[in-house]
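Predicted model and sequence follow; I will ask about them next.
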Amino acid sequence: MPRTAGSADFGYRYVNPRTRMTSVATVLDAVADAVVSMSGEVLPKERLIRSDQTSRSTTSHYTDISEITEDSEDTEKGMTVADLVGQDAAEELALVLTNHGLQRMTARVLATLLFTEQPTMTAGELADRLQASAGGISGALKMLISVGLAERVPAPTSRREHYRLRDNAWAVLYTNQNEVIGAIRAAAQAGIAATENGSLARERLTEMRDFYEFLSSEIPALVERWHQTRSRT
């Protein structure tokens, strides 16, 4: 039974390998597309906060971030000005991720964990921040944990489970892509075995297998280079 990413301190939880591979590929594609979409975009310093009924952002009742002060309604509930502005930016990122294939609640939880200044957040805090149901938050967290982006962390002074974005989250996610690559390579190999020598189909499938074998051999070295680069900064 496979161990899910981020579960080292919390035992085993079975995740269907096919479901997990699909999740990893979906998250990778959504993040990559979001980065491309947002790169080069310069947001004005005093950008308007859009009211999006589908996102139900905590800042949706403001028209401009200049209206958010320490005396605002949400800051009185324990959210700082930085929290409010950060959550609006998180909703923008979540919208981009959703537009590129990630489930909406998963995208919102991921973006919130990215932008929060808190070391960890409980499921209840995420539900309050996003004005979302406990079930929706739970499902999003399970998905993010299964692909290695989020993790549960112990909180000795709290009875509630705490969550955070995993250290080296993106390297873990990219490494998990090896499962997807391995499955595609195996499928290509099976296709080769079912075709005749010299056929166009075998030629195409051989190229497909060779390409994914190349990727599989290169990813570990690429991730290692990333770790070396990070250690020098």
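Alright, I've got the coordinates. Numbering: from 1, shown residues only.

May I see the buried residues of stretch 180-190?
Val180, Ile181, Ala183, Ile184, Arg185, Ala188, Gln189 (16 or more other CB atoms under 10 Å). Every residue, glycine included, has its C-beta placed from N, CA and C.

my guess is the fourth one meets Asp210, correct?
No. Under the criterion of CB atoms under 8 Å, Ile184 is not in contact with Asp210, lying 11.9 Å apart.

nearest to Val109, of the buried residues of stretch 180-190?
Nearest to Val109 out of the buried residues of stretch 180-190 is Val180 (CB to CB; 22.3 Å).

Please read off the pLDDT at that closest one from the model.
You'll see Val180 listed with a pLDDT of 85.

Three-state assignment for it, please.
What DSSP: H, G, I helix; E, B strand; the rest coil gives for Val180 is helix.

now Gly101
Recorded secondary structure, Gly101: coil (three-state DSSP).

Need phi/psi at it.
phi 110, psi -10 (degrees, to the nearest 10).

Just the buried residues of stretch 180-190: which are in helices?
Val180, Ile181, Ala183, Ile184, Arg185, Ala188, Gln189 (DSSP state H).

Burial check on the nearest residue to the fifth one once chain neighbours are set aside, number of neighbours?
Counting by CB to CB, 6 or more residues apart in numbering, the nearest residue to Arg185 once its immediate chain neighbours are dropped is Tyr212, at 4.1 Å. For Tyr212, the neighbour count with other CB atoms under 10 Å is 20.

Which of the buried residues of stretch 180-190 scores worst on pLDDT?
Val180 (85).

Where does the record place the domain boundaries for this structure?
According to automatic domain parsing, the chain comprises the domains 17-166, 171-232.

and those, which one's lowest on average pLDDT?
domain 17-166 (a mean of 71).

and the longest helix for the protein?
Ranking each helix of the chain by length (DSSP H) puts helix 200-232 first.

by contact count, what packs against that helix?
helix 169-193 (3 or more CB pairs under 8 Å, 6 or more residues apart in numbering; DSSP states H and E).

tell me the angle the helix it packs on makes with helix 200-232.
Put simply, helix 169-193 runs at 160 degrees to helix 200-232, going by axes from the mean of the first three to the mean of the last three CA atoms, to 10 degrees.

hang on, the earlier thing: what touches both of Ile184 and Asp210?
Here Ile184 and Asp210 have no joint contacts, going by CB atoms under 8 Å, 6 or more residues apart in numbering.

For the chain, which segments are assigned as helices?
Under DSSP H, the chain gives helices at 17-38, 73-76, 81-99, 104-115, 123-130, 134-146, 169-193, 200-232.

packing partners for the fourth one?
Under the contact definition 3+ CB pairs under 8 Å, 6+ apart, helix 104-115 sits against helix 81-99, helix 123-130, helix 134-146, strand 150-153, strand 162-165.

Could you work out the most separated pair of the ones in helices among the buried residues of stretch 180-190?
Pairwise distances among those were taken by CB to CB; the largest, 15.2 Å, belongs to Val180 and Gln189.

ok, back up a step: would you turn the buried residues of stretch 180-190 into a markdown table with distance to Val172?
A markdown table is the format used below for the buried residues of stretch 180-190 (distance: CB to CB, whole Å):
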| residue | distance to Val172 |
| --- | --- |
| Val180 | 14 |
| Ile181 | 15 |
| Ala183 | 18 |
| Ile184 | 20 |
| Arg185 | 21 |
| Ala188 | 26 |
| Gln189 | 27 |
